[in-house]
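1. just the structure for this:
(2 chains)
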Amino acid sequence: GQNIDQPTEMTATEGAIVQINCTYQTSGFNGLFWYQQHAGEAPTFLSYNVLDGLEEKGRFSSFLSRSKGYSYLLLKELQMKDSASYLCAVSDSGYALNFGKGTSLLVTP
Amino acid sequence: TAGITQAPTSQILAAGRSMTLRCTQDMRHNAMYWYRQDLGLGLRLIHYSNTAGTTGKGEVPDGYSVSRANTDDFPLTLASAVPSQTSVYFCASSASGPDTQYFGPGTRLTVL
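-> Model (predicted):
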């Protein structure tokens, strides 16, 4: 079975750095994805990790440790527009993504 | 490029009625997926298709059926809607299996 855990809610201040953690237990592993979803909109792709280590893409970075079943999404220089849900998803040995329930991030002035 | 389109945007449906949610992609992706998203439960896979002509069941397939007659279209049918099928439905596609999935704008369905 699949078990993907991430915090339900987080709050951070504009300009700050926030780290959103995701732990997973899956029967297989083909990679871990992070998606961003603004209220009322579709999820949009942020990052993909299949090897251990840090992937950096502008203000966003994602880290993976396969041995620990752990990933985090790091958002730097937070902006108000970063207020959204962040979804951790794992691709197992099949074709579909298994999503966590998402972390709702509120960025305050 | 349109990417993935879904229709309708929203719908109110009487319980017991049937309905087909439409999904079309123009990226020539092999794999397509249907998810439902409910508050507190996240995205859950209903059905998927690895390639035209094949389909498979996801986590919550009961009450839904799909077909994949060609690469571009992946309709989702509710044969006899029930209130528990009230949800936001997202269609997604990927080039192949474990590749990045791209989502359509969603259909908000209310079953009364």
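
2. enumerate every residue touching B:I46.
-> B:34-36, B:58-61, B:64, B:66, B:76, B:89 (C-beta atoms under 8 Å, 6 or more residues apart in numbering or on different chains). All C-beta spots, glycine's among them, are computed from the backbone N, C-alpha and C.

3. geometric centre of chain B: which residue is closest?
-> The centroid of chain B falls nearest to B:W34 when counting by C-alpha atoms, centre = their mean (3.1 Å).

4. quick check: the residue lying closest to it once chain neighbours are set aside vs B:S87, distance?
-> Excluding its sequence neighbours, the residue lying closest to B:W34 (C-beta to C-beta, 6 or more residues apart in numbering or on different chains) is B:I46, at 4.4 Å. B:I46 sits 10 Å away from B:S87, going by C-beta to C-beta, to the nearest Å.

5. swap in B:T54?
-> 25 Å.

6. between the two, which has more neighbouring residues?
-> It is B:S87, of B:T54 and B:S87, that has more neighbours when counted by other C-beta atoms under 10 Å in any protein chain shown, with 21 against 11.

7. who's that one bridged to?
-> B:L109 (DSSP bridges).

8. what of the one 5 residues further on?
-> Applying DSSP bridges to B:A92 yields these beta-bridge partners: B:Y33, B:F103.

9. now swap in A:T13 and tell me
-> A:T108.

10. list the contacts for the nearest residue to A:I4 once chain neighbours are set aside?
-> Distances taken as C-beta to C-beta, 6+ apart place A:G100 nearest to A:I4, at 3.9 Å, with adjacent residues excluded. Contact analysis of A:G100 by C-beta under 8 Å, 6+ apart lists A:4-6, A:22, A:24, A:87-89, B:42.

11. among those, the buried ones, what's the PyMOL command?
-> Buried residues among the contacts of A:G100 (16 or more other C-beta atoms under 10 Å in any protein chain shown), as a PyMOL selection:
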select buried, (chain A and resi 4+6+22+24+87+88+89) or (chain B and resi 42)
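
12. filter the contacts of A:G100 down to the ones in strands?
-> Those of the contacts of A:G100 mapping onto strands are A:4-5, A:22, A:24, A:87-89, B:42, per DSSP state E.
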